[in-house]
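1. could you look at this predicted model? Sequence included:
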Amino acid sequence: MKKIALLLLVAIFSSGVFAQEIQKVAKAKNEALSGAPADTAKKRWFIQGSTGLTFSQAAFSNWAAGGQNSLGLSALLNMKINYKKNKHAWSNTIDLGYGFQVLGKSKEAKFSKINDKIELTTAYGFELDQKEHWYLTVLANFRTQFDKGYNYPNDSVVLSKFMAPGYLIVGVGITYTPENWFYLYLSPSSGRFTFVLDTALANQGAYGVEKGKKFRGEFGPYLRADLNKDLTKNINLTSTLELFTDYLKGFGNIDVNWNLSLTMNVNNWLAASIQTQLIYDNDIMIQSGPDELPGPRTQFKEMLGIGLSYKIN
């Protein structure tokens, strides 16, 4: 498990170098067009993103007040790669994250996951009104995780793993993009598909699928709002809000997925970041206490880190 975690961290952070190469290629293409006619000389690629590696550590020796040794590492990559030519626009978002902590000494040390995320979004848009920035858009969003998740501190009960759950949303709608750093997408007819490809979890009916089944389909309106804005020279705010409800079952019960990240750069390589995620899904049953019945709950995660960071733009 530890070897896999380290490999994932290296892969995510190294992908920042690969992202820089993508940026260089796109820049070279734009520069190559500088001598072309005016219609083709415009900048067509918009690339923006960040990659980071944060860490925390604590050590105790003969500490009267008590304490536990710990080591934590977390890596992330967030990229936006957009292309625009005439009335055609193609936007892509890559959001990857993985983090873990090790508590205790040597053989007694316990490994636990603190962050695990794979999210990919792609959208093709056809411009309807240049002045008002409206596009007819086909969008697909996919999210899951890299590694197994457990019912900590009990690391023998698996709660999740790759594609358990996995989510796919596909729809046709309208996008409003007044600026490069913001867009709003609304679809009256999107399909939302939940995958639980682990047999044990599927037999429990986890994540809203029927017991024994590994797939669930829903159909309904979907809204997505993306923001990636530099508030000042050294402070960046990234936010993604998704709302969905099913026409066929429980219409009006709105599923919420809201990611928020605030990054404060000290210099080109050092930054502090705050990341939060809020989830509400009426189909996910959570037992918050031994005396309480399982039911839908508001899920919230917060991470604060200081470490290496590189901004791509």
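-> Good, I have the coordinates.

2. in contact with the closest residue to Gly67 other than its chain neighbours, which residues?
-> Nearest residue to Gly67 in three dimensions, chain neighbours excluded: Phe60, at 3.9 Å (Cβ to Cβ, 6 or more residues apart in numbering). Where you see a C-beta, it was placed from the backbone N, CA and C, and this is true even at glycine. Contacts for Phe60 were tallied using Cβ atoms under 8 Å, 6 or more residues apart in numbering; they are 66-69.

3. ChimeraX command for the buried members of those?
-> A single ChimeraX command selects the buried members of the contacts of Phe60 (16 or more other Cβ atoms under 10 Å):
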select :69
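
4. and which of the contacts of Phe60 is nearest Phe215?
-> Closest approach between those and Phe215, by Cβ to Cβ: Gln68, at 41.7 Å.

5. which strand or helix spans that closest one?
-> For Gln68, there is no host helix or strand (DSSP states H and E).

6. ditto for Asn78
-> With DSSP H and E as the test, Asn78 turns up in strand 70-85.

7. what comes up buried for that strand?
-> In strand 70-85, counting by 16+ other Cβ under 10 Å, buried: 70, 72-82, 84.

8. got the contacts of Phe60 as CSV, with distance to Phe300 and pLDDT columns?
-> Below are the contacts of Phe60 laid out as CSV (distance: Cβ to Cβ, whole Å; pLDDT from 0 to 100):
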residue, distance to Phe300, pLDDT
Gly66, 28, 75
Gly67, 26, 77
Gln68, 24, 80
Asn69, 27, 84
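
9. a markdown table for the contacts of Phe60, including distance to Val172?
-> Below are these laid out as a markdown table (distance: Cβ to Cβ, whole Å):
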| residue | distance to Val172 |
| --- | --- |
| Gly66 | 58 |
| Gly67 | 55 |
| Gln68 | 52 |
| Asn69 | 53 |
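
10. what is the nearest of the contacts of Phe60 to Arg224?
-> Gln68 (40.7 Å).

11. moving C-terminal of the strand holding Asn78, what's the next helix or strand?
-> That would be, after strand 70-85 and using DSSP H and E, strand 88-103.

12. in the stretch 1-150 of the chain, where is pLDDT below threshold?
-> Within the stretch 1-150 of the chain, the segments meeting pLDDT under 70 span 1-42.

13. all helices for it, in order.
-> 2-32, 38-41 (DSSP state H, counting those that start in this stretch).

14. and stretch 56-68, how far from the chain's centre?
-> Chain-centre distance of stretch 56-68: 33 Å, with Cα atoms, centre = their mean, to the nearest Å.
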